[in-house]
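Visitor: how would this look folded up:
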Amino acid sequence: MRWLKVPFLVLVTGLAALVAASADFEFFGFSASGYAWLLPLVAALLVLARYPTRVHFPIWIWVPWALLLLAYLTQAEEPHAMQRTVMMLCPLAVGMAASCVRATPTVALATLRFVKPLAVALLLAVVWGTGLLLSGTLPSYGGYAASVMTVSLLGAVFAAEYSSGRRASLIWWGAIQLVPLIALTRTGIVASALTLPLCLGRVRLRTRLISLGAIALGGIALFASPRMQARMFYSGSGTFSDMSLQNRNFATSGRSALWPELVEEIKKRPWLGHGANASETYVSTARPGLAHPHNDWLRLLYDYGVLGTVLFVLTLLTQVFHTLASARRAPDPAHVLFIGAASSFIVLTLFMFTDNIILYAAFFGNLQFAFLGTAYGSTSRRKKVRSLAEPIGSHVLPDHRMRINTNGKLVRGSSDSFR
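Guide: Numbering: from 1, shown residues only. Prediction:
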């Protein structure tokens, strides 16, 4: 019965990410990853059509960015420009639809419970897909980057739970660090590990420093391992000083040659960029077989210029501050969802340096905004009732001692009461 209480958009986006991570098929011209972002979008649009007045997501934050994308789309001449634009806007539709959820005390709790089996399923999918389960040996190659993005998002949620006093969540956080280590995705290892020390919740400074020290020591040991050495350098060996784009021995999968070329092209039209999805045309021409620069910051600068990139950064910052402000007013477990969603934007910006996470809505953006929208929706009724119940001129602070127990009832107690 607990599965029936999981919000519809959270369930759809989570299962879509899982299927895309573990399945490889094509149906009517769409791959598994294609359906994984398209089906949640369709579901979101159906929900919005049914409940247009229930939206509690702060869409005003994203309106300028959305209008800029649509304005560029009207002038686009590049192939696939519409698809890429829709993929970037898809998480917004999911977040709006997720915020239409009925504001009951168990909504956020059911969402947090869903995170755990999803994490286990993703771990098993990577273990099976890499052949570790059958061979018993770790793969010598990097892969499953998209699944690692999803796991990093779940890591931000577990870190948020830990910051709210749920110590057992630290075990879950540690367990899912196995996914990027098995898949050997370099940025994924760093981004996922940093979800704890960079959590935007109430984590003690001592805990942050200890975790950063442990990550540094573990990183040094991992870097020296033969498996990582083969992943980092074409020759199979190197030092930290050899990690340079100018070093041809540094394994960058072509990034070291492509990025400088993109920078020079960006300088030709720095302020307004070359147009929607122009980067895909340039990359596919300059490097046949590739479609994206594997650096969303460069992609934004190339397509939308400094104007679009600055607007995107300001939008992210506004959303993070608004989410944190909402977290301060929200009781657990909605508070945890807010903190986890806010912290996940740090993960997003890190992955943007080496990958195309903005376009990977199926693996990160949709689920991220489903969590965010659910948090807003689950607290909407509480705010409305309070505003109607308070006498004019009164000022009542929210009772942060209110928690939700395992039976879904509001109780007074510590933040451990939603185990």
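Visitor: Leu372 versus Pro7, what's the distance?
Guide: Between Pro7 and Leu372 the computed distance is 12 Å (Cβ to Cβ, to the nearest Å). Using the backbone N, CA and C atoms, a C-beta is placed for each residue, glycine as well.
Visitor: Find residues that contact each of the two.
Guide: Shared contacts of Pro7 and Leu372 (Cβ atoms under 8 Å, 6 or more residues apart in numbering): Ala98.
Visitor: How many residues are close by Thr379?
Guide: The tally of other residues near Thr379 (other Cβ atoms under 10 Å) stands at 25.
Visitor: from now on call the first residue 35
Guide: Done: numbering now begins at 35, and the last item shifts to Thr413.
Visitor: hang on, isn't it packed against Asp366?
Guide: No: Thr413 lies out of contact with Asp366 (Cβ atoms under 8 Å); the separation is 11.2 Å.
Visitor: center of this protein, which residue is that?
Guide: Phe398 (4.0 Å; Cα atoms, centre = their mean).
Visitor: residue contacts, that one?
Guide: 183-184, 186-187, 381-382, 385, 391.
Visitor: repeat that with 7 Å
Guide: Shown in contact with Phe398 (Cβ atoms under 7 Å, 6 or more residues apart in numbering): 183-184, 187, 391.
Visitor: got a markdown table for these, with secondary structure and pLDDT too?
Guide: Converted to a markdown table, those look like this (DSSP: H, G, I helix; E, B strand; the rest coil; pLDDT from 0 to 100):
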| residue | secondary structure | pLDDT |
| --- | --- | --- |
| Met183 | helix | 94 |
| Thr184 | helix | 95 |
| Leu187 | helix | 97 |
| Ile391 | coil | 93 |
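Visitor: which stretches of the stretch 285-434 of the chain form helices?
Guide: 289-302, 312-320, 330-363, 368-385, 400-412, 414-423 (DSSP state H, counting those that start in this stretch).
Visitor: What are the phi and psi values at Phe267?
Guide: Here is the backbone geometry of Phe267 (degrees, to the nearest 10): phi -130, psi 140.
Visitor: neighbours around the closest residue to it other than its chain neighbours, how many?
Guide: Spatial nearest neighbour of Phe267, excluding adjacent residues (Cβ to Cβ, 6 or more residues apart in numbering): Asn283 at 5.1 Å. Asn283 has 14 neighbours, counted by other Cβ under 10 Å.
Visitor: Asn283 contacts Ser269, doesn't it?
Guide: Yes: counting by Cβ atoms under 7 Å, Ser269 is a contact partner of Asn283 at 5.3 Å.
Visitor: Tell me the buried residues in the helix or strand hosting Leu73?
Guide: Assigned by DSSP states H and E, Leu73 belongs to helix 66-84. For helix 66-84, the neighbour count (16 or more other Cβ atoms under 10 Å) marks 66-75, 77-78, 81-82 as buried.
Visitor: Next secondary structure element downstream of that helix?
Guide: The helix or strand immediately downstream of helix 66-84 is helix 97-108, counting by DSSP H and E.
Visitor: Mind listing what's buried along that next one?
Guide: Within helix 97-108, the residues scored as buried using 16+ other Cβ under 10 Å are 99, 102-103, 106-107.
Visitor: Rebuild those residues as CSV, extending it with distance to Ala250 and pLDDT.
Guide: Formatted as CSV, the buried residues of helix 97-108 follow (distance: Cβ to Cβ, whole Å; pLDDT from 0 to 100):
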residue, distance to Ala250, pLDDT
Trp99, 35, 98
Leu102, 39, 98
Leu103, 39, 98
Tyr106, 41, 97
Leu107, 44, 97
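Visitor: And those residues, which is closest to Phe274?
Guide: Using Cβ to Cβ, Trp99 is the member of the buried residues of helix 97-108 that sits closest to Phe274, with 37.3 Å.
Visitor: which residues does the closest one contact?
Guide: Contacts of Trp99 by Cβ under 7 Å, 6+ apart are 345-346, 349.
Visitor: If we use 6 Å, what do you get?
Guide: If you count contacts by Cβ atoms under 6 Å, 6 or more residues apart in numbering, Trp99 has them with 345, 349.
Visitor: Look up how far Thr343 lies from it.
Guide: From Trp99 to Thr343 the distance is 11 Å (Cβ to Cβ).
Visitor: The residue nearest to Ser56 when sequence neighbours are not counted: neighbour count?
Guide: Take Ser56 and drop its neighbours on the chain: the residue closest to it by Cβ to Cβ, 6+ apart is Ala159, 3.9 Å away. Other residues near Ala159 come to 19 when the count uses other Cβ under 10 Å.
Visitor: Surely Ala159 is in contact with Ala54?
Guide: No: checked against Cβ atoms under 6 Å, the pair Ala159 and Ala54 is beyond contact range at 9.9 Å.
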